[in-house]
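Novice: sequence and predicted structure, then a few things I'm wondering about:
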Amino acid sequence: MNTATLPAVPAPMGAELALHDVLLGHADGAAVPGRVALRIAPGELLAVVGPSGCGKSTLLRTLAGLLPPLDGRVTQDGEPVGRPAADRALVFQHDALLPWRTVRANVELPLAIRRVPRARRRRSAADWLDRVGLAGHAHKLPHQLSGGQRQRVQLARALAGRPRAVLMDEPFGALDAHTRAGMQDLLVDILQGTGATVVFVTHDVDEALYLGDRVALPASGQVLDVPHPRDRDGRHAPGTAELRRRILESL
Amino acid sequence: MSVGRRLLRVASLAAALGAWQLLTSLDVNVWLRFEQFPTVGEVASAFADRVGTGPYWQDLGHSLRRIVLGFLLAAVLGVATGTAIARSRWAADLLGPLVEVVRPVPAIALVPVAILLLPTNEQGIVFITCTAAFFPVVVSTRHAVRALTPIWEEAVLTMGAGRLRVLFSVVLPGALPGIFGGLSVGIGVSWICVISAEMISGEYGVGYRTWQDYTIVDYPAVFVGMATIGALGWLTSTAVELLGRRATSWLPRPAARGAAETPRPSLRRPGRTPANTGADPSGRGADRTAVPRKEPVP
């Protein structure tokens, strides 16, 4: 990878992720009821909406390769997913930054793991922090930031590794409404040009309708197309209102 | 610390010394017998005599070398064993029961084992010192590693990290606060054991010298030994404590703790951090509490 010319360099293609009749669950716990068959196209942003406890996080961890499926197959570009890889970054709801590392060191971590030379690491981290609006906070520790700032560092860290897929587990779930709207716009902004496939788990229907190309409802197994993805003005369009009603009914 | 509190601490020590001097110089004998007890003056002059001699410093060096060697060994072995037990089922099954069975045996009761196993007395003392510190370190490391939040590891794994990277970038740094808890306990126990082992089987060393002075009924010198043991123990504990504080300086400190200065008005959302009302006496919290910062919306 070439971080020297970031962000102008063309992004790697997004990954195609697929679940083939997968039974989700922990080996020592109850399985999530029902089997999941789902194909997520390269570069697509799939929002997953459902009440807590319906297996959304389990789905993400299975896609990440952290949790083997109880049955069925998980593939990336047709190849089975066996273990976690830098290809598929995971963004958590909170507290996933390493608290003993400065903001910059946290963002550099995925690059350090890939043994990117220090100077390029520095440049890339500075660039990503700049893009999420935290250029002046590089030397702070995570606990010195607000919740919204910490999530922005997490976004920068996830994207600094130039993953082909980003799996997001209610990343804005703990933020207040105002901060959350800003973060959604920031996410749309910084995903541009990365080409990454995104799976975005949320319990907020409006967030799903704004961000997603499609919305998946694990509770009923439906996957629905969003008429106006990432368009704030599309919120009041009749198609969106209809979809919103259908989603709320199914929950 | 304020001048008043400093004075109070000095006064407490001075009062204890004064009481000692009074009881011993008056040869008080009411059930507790102070006739043979050396006075503060006698101990002080014995101390002054000893400090000027080579053997005093030689003993000190011997004891320090033994504790540093034994303690460092215990720290490395203890952290490695504790981490292995917490992270691997194999290690937990193989080492866990062994550790639990040997742990209740006081380290000083292992003197016969040390004598049988190890060629020299010197190695025996280091062995006992090491064993004493080993168990507190193992136990606290095990707990600290088990208590780590799995999110950190998952985050680093999804960046493509291998086992070693997870160990050195997540597990060990994350467990460090707990590990230092064990190290602090360990240095205290191992200091007790180095002195005891020297008394039993040593050649040279502060413990050995103190016991020698006792056998020749040189009581002021015994007290010089005790004072030396106390001072060295305090020194080694403080060293570990300072090292620990340095290594875990990233831990968020509760800003409200300690004497409150004038509370700074906080413009942050209420309930976000405990730093809202109290002022951080070290000033570290200043940038957190005093800067009115609205969440910028990109």
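Specialist: Alright, I've got the coordinates.

Novice: tell me which residue in chain B sits closest to chain A.
Specialist: Per C-beta to the nearest C-beta, B:Gly160 is where chain B lies closest to chain A, at 3.1 Å. Where you see a C-beta, it was placed from the backbone N, CA and C, and this is true even at glycine.

Novice: host element of that residue?
Specialist: Using DSSP states H and E, B:Gly160 sits within no helix or strand.

Novice: let me see the contact set for it.
Specialist: A:Pro84, A:Ala85, A:Ala86, A:Asp87, A:Pro110, A:Ile113, A:Arg114, A:Gly161 (C-beta atoms under 8 Å, 6 or more residues apart in numbering or on different chains).

Novice: adding pLDDT, write those residues out as a markdown table.
Specialist: Putting the contacts of B:Gly160 into a markdown table (pLDDT from 0 to 100) gives the following:
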| residue | pLDDT |
| --- | --- |
| A:Pro84 | 91 |
| A:Ala85 | 89 |
| A:Ala86 | 88 |
| A:Asp87 | 88 |
| A:Pro110 | 92 |
| A:Ile113 | 92 |
| A:Arg114 | 90 |
| A:Gly161 | 87 |
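
Novice: filter the residues you listed by proximity to chain B?
Specialist: A:Pro84, A:Ala85, A:Ala86, A:Asp87, A:Pro110, A:Ile113, A:Arg114, A:Gly161 (C-beta under 8 Å from any C-beta of the partner chain).

Novice: in space, what's closest to A:Leu145 - neighbours in sequence excluded?
Specialist: For A:Leu145, ignoring the flanking residues on the chain, the nearest one in space by C-beta to C-beta, 6 or more residues apart in numbering or on different chains is A:His137 at 6.4 Å.

Novice: ditto for B:Gly233
Specialist: Closest residue to B:Gly233 apart from its sequence neighbours, by C-beta to C-beta, 6+ apart: B:Trp191 at 4.5 Å.

Novice: what does B:Val111 give?
Specialist: Here the residue nearest B:Val111, using C-beta to C-beta, 6+ apart, is B:Ile200, at 5.6 Å.

Novice: does the one you found really touch B:Ala109, like I thought?
Specialist: No: counting by C-beta atoms under 8 Å, B:Ile200 sits too far from B:Ala109 to count as a contact (10.7 Å).

Novice: ok, back up a step: skip the chain neighbours and tell me the closest residue to the residue of chain B closest to chain A.
Specialist: Using C-beta to C-beta, 6+ apart, the closest residue to B:Gly160 is A:Ala86 (3.1 Å).

Novice: before we move on, the earlier item: give me every residue that touches the residue nearest to B:Gly233.
Specialist: With C-beta under 8 Å, 6+ apart, B:Trp191 has these contacts: B:Ile67, B:Ile229, B:Leu232, B:Gly233, B:Thr236, B:Ser237.

Novice: burial check on the residue of chain A found nearest chain B, number of neighbours?
Specialist: Of all residues in chain A, A:Ala86 sits closest to chain B, at 3.1 Å by C-beta to the nearest C-beta. For A:Ala86, the neighbour count with other C-beta atoms under 10 Å in any protein chain shown is 18.

Novice: okay, and it sits in which element?
Specialist: Counting by DSSP H and E, A:Ala86 is part of no helix or strand.

Novice: hmm, it is touching A:Leu111, no?
Specialist: No: counting by C-beta under 8 Å, A:Ala86 does not reach A:Leu111; the two are 9.8 Å apart.

Novice: what's the overlap in contacts for those two?
Specialist: If you check A:Ala86 and A:Leu111 against C-beta under 8 Å, 6+ apart, the residues they both contact are A:Gly161.

Novice: thinking again about what came up before, got TSV for the contacts of B:Trp191, with secondary structure too?
Specialist: Listed next are these as TSV, based on DSSP: H, G, I helix; E, B strand; the rest coil:
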residue	secondary structure
B:Ile67	helix
B:Ile229	helix
B:Leu232	helix
B:Gly233	helix
B:Thr236	helix
B:Ser237	helix
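
Novice: scan the residues you listed and report the most crowded one.
Specialist: B:Ile67 (26 neighbours).

Novice: now do the contacts for that residue.
Specialist: Listed by C-beta under 8 Å, 6+ apart, the contact partners of B:Ile67 are B:Thr129, B:Ile187, B:Ser190, B:Trp191, B:Val194, B:Thr236.

Novice: thinking again about what came up before, what values do phi and psi take at the residue of chain B closest to chain A?
Specialist: With angles defined as degrees, to the nearest 10, B:Gly160 sits at phi 90, psi 20.

Novice: so the residue nearest the centre of chain A: helix, strand or coil?
Specialist: By C-alpha atoms, centre = their mean, chain A has its centre lying nearest to A:Met168, at 2.8 Å. Three-state call for A:Met168 (three-state DSSP): strand.

Novice: which residue ranges of the chain form strands?
Specialist: Let's take chain A. Assigned by DSSP state E, chain A shows strands spanning A:17-25, A:31-40, A:45-49, A:71-76, A:79-80, A:88-91, A:165-169, A:197-202, A:214-217, A:222-225.

Novice: try chain B instead
Specialist: Using DSSP E, strands in chain B cover B:29-30, B:32-33.

Novice: show me what contacts B:Val166?
Specialist: So B:Val166 contacts B:Glu153, B:Val156, B:Leu157 (C-beta under 8 Å, 6+ apart).

Novice: what do you get if the cut-off is 10 Å, keeping everything else the same?
Specialist: By C-beta atoms under 10 Å, 6 or more residues apart in numbering or on different chains, B:Val166 lies in contact with A:Ile113, B:Arg87, B:Trp152, B:Glu153, B:Glu154, B:Val156, B:Leu157, B:Leu172.

Novice: out of those residues, the closest to B:Thr141 would be?
Specialist: B:Leu172 (9.3 Å; C-beta to C-beta).

Novice: for burial, what's the neighbour tally of the nearest residue to A:Leu67 once chain neighbours are set aside?
Specialist: Leaving out its chain neighbours, the residue that sits closest to A:Leu67 by C-beta to C-beta, 6+ apart is A:Arg61, at 4.2 Å. Residues within reach of A:Arg61, counting by other C-beta under 10 Å, total 21.

Novice: assess the claim that A:Arg61 and A:Leu24 are in contact.
Specialist: Yes: the criterion here is C-beta atoms under 10 Å, and A:Arg61 meets it with A:Leu24 at 8.9 Å.

Novice: who touches both of those two?
Specialist: Common neighbours of A:Arg61 and A:Leu24 (C-beta under 10 Å, 6+ apart) are A:Gly55, A:Leu67.

Novice: quick one, helices of the chain?
Specialist: Picking chain A for this. Taking DSSP state H as the test, the helices found in chain A are A:56-64, A:103-113, A:118-131, A:147-160, A:177-191, A:205-211, A:238-250.

Novice: oops, wrong one, chain B.
Specialist: B:3-25, B:40-51, B:54-87, B:89-102, B:111-117, B:121-146, B:150-157, B:163-166, B:172-201, B:206-215, B:219-247, B:286-289.

Novice: dump the residue contacts of the residue nearest to B:Gly160.
Specialist: Contact partners of A:Ala86, counting by C-beta under 10 Å, 6+ apart, are A:110-111, A:113-114, A:161-164, B:157-161.

Novice: let's see 6 Å
Specialist: A:Gly161, B:Met159, B:Gly160 (C-beta atoms under 6 Å, 6 or more residues apart in numbering or on different chains).

Novice: A:Pro110 is in contact with the first one, correct?
Specialist: The one in question is A:Gly161. Yes: using C-beta atoms under 6 Å, A:Gly161 and A:Pro110 qualify as a contacting pair, with a distance of 3.2 Å.
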